[in-house]
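Enquirer: Let's see this in three dimensions:
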Amino acid sequence: MDFELQWFLLGLPVAFALGWLASRFDFRQLKREQRDAPKAYFKGLNLLLNEQHDKAIDAFIEAVQQDPDTSDLHFALGNLFRRRGEYERAVRVHQHLLNRADLPPAERDRAQHGLAQDFMQAGLFDRAEAAWHALEGTAYDTDARLALLTLHERSHDWRSAVDDALKLERGSTGSYASRIAHYWCELALEADAKQQTADAADALRRAHEAAPQAARPVVAAGRRSARLGRHAEAMTVWNELLATHPASFNLVATEYAASALACGGQEDARRQLLALHQKKPSIDLLNALGALDSDSVSRRDRTRTQLALLPTLSAAQALLHEHESSALPVLPADLKAVGEVIGRAARAGQRYRCAACGFDAQQHYWQCPGCLGWDTYPPQRLEEL
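Expert: Residues are numbered from 1 along each chain as shown. Presented below is the predicted three-dimensional model:
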């Protein structure tokens, strides 16, 4: 018994010494790993700042291998992969994070957000939609709804886009009334294409209710009436547009004139168009008035006046067309006005452009003032290329 006690007393210090040595060894190894991990991390950060993305990715992979439980390194690596266009690798990183049972809820939502971005950038819209839906009700709820709205716009899923916009409005992220009106107008066009006249009319009504101040529902309603042969009704609708959105009336000016000719309302239409043209001339109003006016002299004088007030290539072309179609004599003043407009328009093409950086200049340079490259300016002007 004394012999066993003696050996026990002798072995106790030995066991304690061995345990102390083992703990010191583990502690030193842990310190070395913790020292190496930040070193790899900062190395990757430095490479990233120097635009050396490939080497930065290798450094971050090394850091992740040394400390696989650090989620921030995984997020940095996933973002790098996505920026590099390596979407499959980015997806694997974020899915690996989501598969971790010890990941806190906030970090899990962050990984889900990264995964949704990966799918979005990769063009995998079905998977992206499911990933964004998984973020509803989280801290990324607004981002998810905005992304879903973009997805549904891209895929022309207008009904889903309406729902997304209404949810965003309810979330106090601003007014989406104008966009909702556009979505209903798109649905009206789809219904008309399918010969669903009742649905088309209902969609236009909803568009006007969503944004009473918007121009597009009024434009679309008038066009729909004209397309159905109800020209007097179309003119009534477009007269409302003329009163509330005179700038947008240019979009339907020629159609307005055609409907006026179809229903015998030329005089009223001509009076309305003349009043608007005097306030703010445009080539669309000029063409519409030309369709309603059979007097070539008045058409030419009106076009000449517009060219003086608004010297554009379209107005110059309209004046030349009037001289050609009516055989009226060409006056020197008309030729001068047309020449001035053409000269002004030609100036943009008379410049030189650097082939390396796109720097425009009025004169030719052997060394580009923008990028300092030599022989980067072609000897031809832009209009000659």
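
Enquirer: Residue 229 - how many residues pack around it?
Expert: Using other Cβ atoms under 10 Å, residue 229 has 11 other residues around it. Every residue, glycine included, has its C-beta placed from N, CA and C.

Enquirer: can you list the domain ranges for the protein.
Expert: Under the assignment named as automatic domain parsing, the residue ranges that make up the domains of the chain are 295-350, 351-385.

Enquirer: averaging pLDDT over each of those domains, which comes out lowest?
Expert: Between these, the lowest average pLDDT goes to domain 295-350, which shows a mean of 80.

Enquirer: low-confidence ranges in the stretch 51-200 of the chain?
Expert: Applying pLDDT under 70 to the stretch 51-200 of the chain flags residues 51-71, 73.

Enquirer: Need the residues that contact stretch 225-240.
Expert: Surrounding stretch 225-240, the residues in contact under the criterion Cβ atoms under 8 Å, 6 or more residues apart in numbering are 192, 218, 221-223, 249, 252, 255-256, 258-260, 262-263, 265, 269, 272.

Enquirer: repeat that with 6 Å
Expert: 221, 222, 252, 256, 259, 262, 263, 265 (Cβ atoms under 6 Å, 6 or more residues apart in numbering).

Enquirer: which SS state does the fourth one fall under?
Expert: For residue 256, the secondary-structure state derived from DSSP: H, G, I helix; E, B strand; the rest coil is helix.

Enquirer: all helices of the stretch 151-300 of the chain, in order?
Expert: In order along the chain, the stretch 151-300 of the chain carries the following helices (DSSP state H, counting those that start in this stretch): 158-170, 177-193, 197-210, 216-227, 231-244, 253-263, 266-279, 283-292, 296-309.

Enquirer: ok, residue 354 - how many residues close by?
Expert: Using other Cβ under 10 Å, residue 354 is surrounded by 19 other residues.

Enquirer: Tell me if I'm right that it and residue 368 touch.
Expert: Yes. Using Cβ atoms under 6 Å, residue 354 and residue 368 qualify as a contacting pair, with a distance of 4.4 Å.

Enquirer: thinking again about what came up before, with respect to residue 119, which of the domains of the chain lies nearest?
Expert: In terms of Cβ to Cβ, the element of the domains of the chain nearest to residue 119 is domain 351-385, at 34.1 Å.

Enquirer: Now do the buried residues in the closest one.
Expert: When burial is assessed from 16 or more other Cβ atoms under 10 Å, domain 351-385 yields the following buried residues: 352, 353, 354, 359, 365, 368, 373, 376, 377.

Enquirer: and the gap between the fourth one and residue 350?
Expert: Spelled out, it's residue 359. Going from residue 359 to residue 350 by Cβ to Cβ, to the nearest Å gives 16 Å.

Enquirer: residues in contact with residue 199?
Expert: Residues in contact with residue 199, defined by Cβ under 6 Å, 6+ apart, are residue 191.

Enquirer: Select, out of the domains of the chain, the one closest to residue 151.
Expert: Nearest to residue 151 among the domains of the chain is domain 351-385; the distance by Cβ to Cβ comes to 33.3 Å.

Enquirer: sorry, back to before: intersection of neighbour lists for residue 354 and residue 368?
Expert: Residues touching both residue 354 and residue 368 (Cβ under 6 Å, 6+ apart) are residue 376.

Enquirer: before we move on, back to that, closest to residue 286 among the buried residues of domain 351-385?
Expert: residue 353 (33.8 Å).

Enquirer: Test my guess that that closest one contacts residue 360.
Expert: Yes. Under the contact definition of Cβ under 6 Å, residue 353 touches residue 360, with a separation of 5.2 Å.

Enquirer: Give me the most central residue, the protein.
Expert: With distances taken as Cα atoms, centre = their mean, the chain has residue 150 as the residue nearest its mean C-alpha position (8.8 Å).

Enquirer: buried ones in whichever strand or helix holds it?
Expert: When elements are assigned from DSSP states H and E, residue 150 belongs to helix 141-154. For helix 141-154, burial by neighbour count (16+ other Cβ under 10 Å) applies to 141, 144, 145, 147, 148, 149, 150, 151, 152, 153.

Enquirer: a markdown table for these, including distance to residue 330?
Expert: Listed next are those as a markdown table, based on distance: Cβ to Cβ, whole Å:
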| residue | distance to residue 330 |
| --- | --- |
| 141 | 67 |
| 144 | 64 |
| 145 | 61 |
| 147 | 59 |
| 148 | 60 |
| 149 | 55 |
| 150 | 54 |
| 151 | 57 |
| 152 | 56 |
| 153 | 51 |
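
Enquirer: any idea how far stretch 202-213 is from the chain center?
Expert: Centroid separation for stretch 202-213 versus its chain: 24 Å, with Cα atoms, centre = their mean, to the nearest Å.

Enquirer: Contacts for it next, please.
Expert: Where contact means Cβ under 6 Å, 6+ apart, the residues beyond stretch 202-213 that reach it are 177, 178, 180, 181, 184, 185, 187, 188, 191, 217, 220, 221.

Enquirer: out of everything not next to it in sequence, what's closest to the fifth one?
Expert: Taking Cβ to Cβ, 6 or more residues apart in numbering, and ignoring the residues beside it in sequence, residue 184 has residue 207 as its nearest neighbour in space, at 3.6 Å.
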